[in-house]
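In: Sequence and predicted structure are below.
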Amino acid sequence: MNPRRPRDRRAACALAGLAFALGGAAALPDEGNAGLERLVSQGRYTEAYARARDEPPQAGESLYLAALSAYNALMLTDARRDLTRLAALGYERRERGWPTVSAMSAGLAASERWTGALVPVTAADGRVAYDRSGCGDVTFASDVDSAASEAYAAASRIAFGGVRPPDSAPPVNLYLFDRNADAAEFLGALDLRARTDGSAASIGLGIMLWRELDGCDAHPGPYGLRATLAHETLHAFQSLMGVEYGPRWTIEGTALMAECLVDPNRALDLRCKALTAVRGDRARVLAALQSSEERFDDYPVYYMLCSCFARRQSLAALGALMRDLNRYHGRSTEDALWYSSALTPVALAAAALRDTEQAPEWAAARDLVALRARAGGDPDQQATELLAAYRARSDEPYLGFLAARALVRAGRLSEARAVISRLERTGYEGAVEGTLTDSEAMMRGTGAGS
Ligand SMILES: [Zn+2]
């Protein structure tokens, strides 16, 4: 789940270029139909789908389980193929309250308004395909096409330590919609559940992406769409690894780390929000760590906890912890933390707070939060402070972006132009508040562009 992307996102990505692994899904012993049934009965549809894809069943119970898995992993083309075959064979229902072949076929038929042909994303070697039947906006589909490969590679780096998952991993399907309300109808037709009040959602290997969220751009800023896609693709990989039912802080915290790989503003944004939300209160951090409820307000704290764990241990250790914490192990957070890293929840919360106060990668966020807290009404003073902050931490482009805008407002145009030129040379495009091109237009508006 990806919450509504905030309006004020901040600079720099301390994680870019690192490769780390949550670790792959453990190889499952070959148990044939019994193995498939065990996975399905535990709700591990994506893993069951991947297994059935390796050894496609031809008939009977196994084919039914494959169809049910594909349906619930939102791999609807495969579900349709298997259900058609089951119907032709006259196979209808299962016990245990699982849906009948007719019910799933009716769900697919009702969802057909939003589904059609899958189009492979140009540069991802067939690993990603999108279906834009639910989206009348050709530009949005084209934007998704150009953002998906980079996002996929970023999520793969977090999940598998490389730009691609193992060759055996199935593809990811993107379902595009004009509005989040359309995605809600699509899910209703299939009788599946996911929150559609954020900027995207995922179920299994299917990602639902909409252009407009309650009338606003669902992915504002030059990096918004890439970040949303990286976040949801990581959830798809979590589902494939069978860790998607772990604690919220691990699930969302790692997805936010994937966002930081494609959005140079995101890490600083999350750190500023975490500092503001927590204000040194360990109980607040502990509450986010221990709560099973998903709260958008807690996302920066989830990021804070995951990045602290990864910094002190490793991303691979975080992956091992997530596998240990999945609900099939039945291990508590307290036990898993202790066995994996000799930490208690209180100790992890305290370590995360210490990072916010002392770790070098949190320095720019500390500066920016302090600068905002004492911000007065003098534009010249603000511009001076932001420029000093950027000069001290020039690896944080968002600080430069803020400084440039403040300099324009203060009428210090040659200094603004120098900062913008420097940012442009790095390939930086801007933030949620506007692009670098907008800043240049602001300068022209003040009569300085000529
Ligand atoms: Zn999420």
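Out: That came through, no problem. Numbers count the residues shown, from 1 in each chain.

In: Give me every residue in the stretch 151-300 of the chain lying close to the ion.
Out: Residues of the stretch 151-300 of the chain lying close to the ion by Cβ under 5 Å from the ion are Glu252, Ala255. Heads up, the C-betas are built off the backbone N, CA and C, glycines and all.

In: let's go with 8 Å and repeat that
Out: Counting by Cβ under 8 Å from the ion, the stretch 151-300 of the chain comes close to the ion at Gly198, Ser202, His231, Glu232, Leu234, His235, Ile251, Glu252, Ala255, Leu256.

In: so which of the residues you listed is the most crowded?
Out: Within those, neighbour counts (other Cβ atoms under 10 Å) peak at His231, which reaches 31 neighbours.

In: gap between that one and Leu268?
Out: 17 Å (Cβ to Cβ, to the nearest Å).

In: what ranges of the stretch 101-250 of the chain fall below the confidence cut-off?
Out: Applying pLDDT under 70 to the stretch 101-250 of the chain picks out residues 123-124.

In: all helices in it, in order from the N-terminus.
Out: Here the stretch 101-250 of the chain has its helices, by DSSP state H, counting those that start in this stretch, at 101-111, 138-160, 180-190, 224-241, 248-262.

In: can you list the domain ranges for this structure.
Out: 23-242, 264-360, 374-445 (automatic domain parsing).

In: which SS class is Arg96?
Out: Arg96 falls in the coil class when you classify it by DSSP: H, G, I helix; E, B strand; the rest coil.

In: list the contacts for it?
Out: By Cβ atoms under 8 Å, 6 or more residues apart in numbering, the contact set of Arg96 is Ser41.

In: Got phi/psi on it?
Out: Note on Arg96: its backbone torsions stand at phi 70, psi 10 [degrees, to the nearest 10].

In: still on that earlier bit, let me know the closest of the residues of the stretch 151-300 of the chain next to the ion to Ser341.
Out: Sorting these by how near they are to Ser341, with Cβ to Cβ, puts Ile251 at the top with 18.3 Å.

In: residue contacts, that closest one?
Out: Taking Cβ under 8 Å, 6+ apart as the contact definition, Ile251 lies against His235, Gln238, Val243, Glu244, Met322.

In: okay, it: pLDDT?
Out: pLDDT, Ile251: 94.

In: how close does it get to Val262?
Out: According to Cβ to Cβ, Ile251 stands 19 Å off from Val262.

In: Over to Ile420?
Out: Using Cβ to Cβ, we find Ile420 at a distance of 22 Å from Val262.

In: How about Leu436?
Out: 18 Å.

In: Also Asp191?
Out: Remark: distance between Asp191 and Val262 (Cβ to Cβ) = 33 Å.

In: which one of those two has more residues nearby?
Out: In this view Asp191 and Val262 are compared by other Cβ under 10 Å, and Val262 has more residues nearby, 23 against 14.

In: What number of residues are in the vicinity of the nearest residue to the more buried one once chain neighbours are set aside?
Out: Leaving aside its chain neighbours, Val262 sits nearest to Arg226 (4.2 Å; criterion: Cβ to Cβ, 6 or more residues apart in numbering). Residues contacting Arg226 under the criterion other Cβ under 10 Å number 24.

In: what's near enough to touch Arg226?
Out: By Cβ under 8 Å, 6+ apart, Arg226 lies in contact with Ala147, Glu150, Ala151, Ala154, Val262, Asp263.

In: now do Val101
Out: Counting by Cβ under 8 Å, 6+ apart, Val101 has contacts Tyr64, Ala67, Leu83, Leu86, Ala87, Tyr91, Glu92, Arg93.

In: where do the strands sit along the protein?
Out: 119-120, 128-134, 172-179, 200-203, 206-213, 216-217, 430-431, 434-435 (DSSP state E).

In: Need the contact partners of the third one.
Out: Contacts made with strand 172-179 from outside it, assessed by Cβ under 8 Å, 6+ apart, are listed as 74-77, 114-115, 118, 121, 127-132, 134-137, 140-141, 144, 148, 152, 183, 186, 205-213, 229, 233, 236.

In: Can you tell me the centre-most residue of the protein?
Out: Closest to where the C-alpha atoms of the chain average out (Cα atoms, centre = their mean) is His231, at 1.1 Å.

In: looking at it, that residue is touching Leu256, isn't it?
Out: Yes - the criterion here is Cβ atoms under 8 Å, and His231 meets it with Leu256 at 7.0 Å.

In: What about Pro360, how many residues nearby?
Out: 9.

In: same deal with Arg425?
Out: The burial count for Arg425: 8, using other Cβ under 10 Å.

In: Return the per-residue confidence for it.
Out: Predicted confidence (pLDDT) for Arg425: 95.

In: cool, and the one 10 residues further on?
Out: Thr435 carries a pLDDT score of 88 in this model.

In: can you pull up the bridge partners for it?
Out: Under the criterion DSSP bridges, Thr435 forms beta bridges with Gly430.
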